[in-house]
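Novice: the sequence and its predicted three-dimensional model are supplied below.
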Amino acid sequence: MASHKLMNPVFSRREILKTMGVAGGAVALNSLDSFAKKPDKMILQRAIPATGEKIPAVGLGSWQQFDVGASAGERASLKEVVQKMNELGGKVIDASPMYGRAEQVIGDLTRDLKLNDQFFLATKVWTTGKQAGIDQMNESLQKMGRKTMDLMQIHNLQDWQTHLKTLRDWKSQGRIRYIGITHYTDSAHARLEEIVKSKAVDFVQFNYSIRSRNAEKSLLNAARDNGVAVIINEPFEQGALFRAVKGKDLPAWAADYDISSWAQLFLKYILGNEAVTCVIPGTSDVKHLTDNLRAGLGRLPDQAGRKKMVEWITKLS
């Protein structure tokens, strides 16, 4: 992701829980508590087409939430999130040099918890020029505590042709395992699709949500057809989806897909598309993390179910 308007996803989620209604809220919270107390490692896994390696389909984004200082107090909730994510079977954590101190915080926390090698760590190169890119990526590896990065992505297509050459060299040297490219706006989808079809990358990351469905026109199919893994950013539209359903109850049929919260509905809509490898909602709240990870459990909507979800959210928003 790149420059975004500031938002407060924690506040938005809490507002939803307060206004869902006593019965609905209690069901959701009890479900989360049960999941948290009894870790379930059977979170949905999806294969990276380039190798067949499987990763959990729900990961963690770090934009804004992980840009904090070095004090234990500032990092306490994030440390809890990282630890709980590991306990519940989560693995993918996405960062970028653009996200302030996020890379350093992720590196420090995963090392402090002795879990660094348990995660699939992804970051990005976000600069112009070959040497500047090399210098930035070296710094990212150091910050995140890695000699080898699982996934290095070119952030928002910035100088992508230059960096792609470097990434190929680094992959051949074993310094990175996978190559990716990212953006966060619909206007970039056509260019991303061209790159996907050239088979130049292992991963593509872009925006997609139940209301923002431009990727369904052709980008998702292109990734599937060309063997490129897909990471989804902006699944909650910077919190706008929670604001759209504030005070609204989940539809009764949500239970057909083992959905007990709006977050799970939004995420399961995305995961219902099998071209999606992983979705990366960001949070600094352990209850919200647990809620998000539950989207990787239970039944997923089929085409008819996803259509029903779109119709429902369209009426509400």
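Specialist: That came through, no problem.
Novice: can you map out the strands along this structure?
Specialist: 45-47, 54-56, 60-61, 92-94, 120-125, 149-154, 176-182, 203-207, 229-233, 278-279 (DSSP state E).
Novice: just checking, what packs against the fourth one?
Specialist: Pointing back at strand 92-94 there. strand 60-61, strand 120-125, strand 229-233 (3 or more Cβ pairs under 8 Å, 6 or more residues apart in numbering; DSSP states H and E). To be clear about C-beta, it is placed using only N, CA and C from the backbone, and glycine gets the same treatment.
Novice: looking at the ones you listed, which is nearest to Cys278?
Specialist: Cys278 lies closest, by Cβ to Cβ, to one member of these: strand 229-233, at 5.1 Å.
Novice: quick revisit: could you export the strands of the chain as a markdown table, including mean pLDDT and distance to Asn292?
Specialist: Formatted as a markdown table, the strands of the chain follow (pLDDT from 0 to 100; distance: least, Cβ to Cβ, whole Å):
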| stretch | mean pLDDT | distance to Asn292 |
| --- | --- | --- |
| strand 45-47 | 98 | 16 |
| strand 54-56 | 98 | 11 |
| strand 60-61 | 98 | 8 |
| strand 92-94 | 98 | 12 |
| strand 120-125 | 98 | 16 |
| strand 149-154 | 98 | 20 |
| strand 176-182 | 98 | 20 |
| strand 203-207 | 98 | 17 |
| strand 229-233 | 98 | 12 |
| strand 278-279 | 98 | 9 |
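Novice: dump those strands into JSON lines; add distance to Arg299 as well.
Specialist: JSON lines is the format used below for these (distance: least, Cβ to Cβ, whole Å):
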{"stretch": "strand 45-47", "distance to Arg299": "16"}
{"stretch": "strand 54-56", "distance to Arg299": "17"}
{"stretch": "strand 60-61", "distance to Arg299": "23"}
{"stretch": "strand 92-94", "distance to Arg299": "22"}
{"stretch": "strand 120-125", "distance to Arg299": "25"}
{"stretch": "strand 149-154", "distance to Arg299": "29"}
{"stretch": "strand 176-182", "distance to Arg299": "29"}
{"stretch": "strand 203-207", "distance to Arg299": "25"}
{"stretch": "strand 229-233", "distance to Arg299": "19"}
{"stretch": "strand 278-279", "distance to Arg299": "17"}
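Novice: of all those, which one comes closest to His288?
Specialist: Per Cβ to Cβ, nearest to His288 of the strands of the chain: strand 60-61, 10.5 Å.
Novice: neighbouring contacts of the closest one?
Specialist: 1, 81, 85, 90, 92-94, 233, 280-283, 289 (Cβ atoms under 8 Å, 6 or more residues apart in numbering).
Novice: how far does that strand sit from the chain's center?
Specialist: Counting by Cα atoms, centre = their mean, to the nearest Å, strand 60-61 is centred 4 Å from the centre of its parent chain.
Novice: what of stretch 56-66?
Specialist: Distance, centroid of stretch 56-66 to centroid of chain: 5 Å (Cα atoms, centre = their mean).
Novice: what's the span of it from first residue to last?
Specialist: 21 Å (Cα to Cα, to the nearest Å).
Novice: ok, now stretch 228-241?
Specialist: OK, stretch 228-241 end separation, Cα to Cα: 28 Å.
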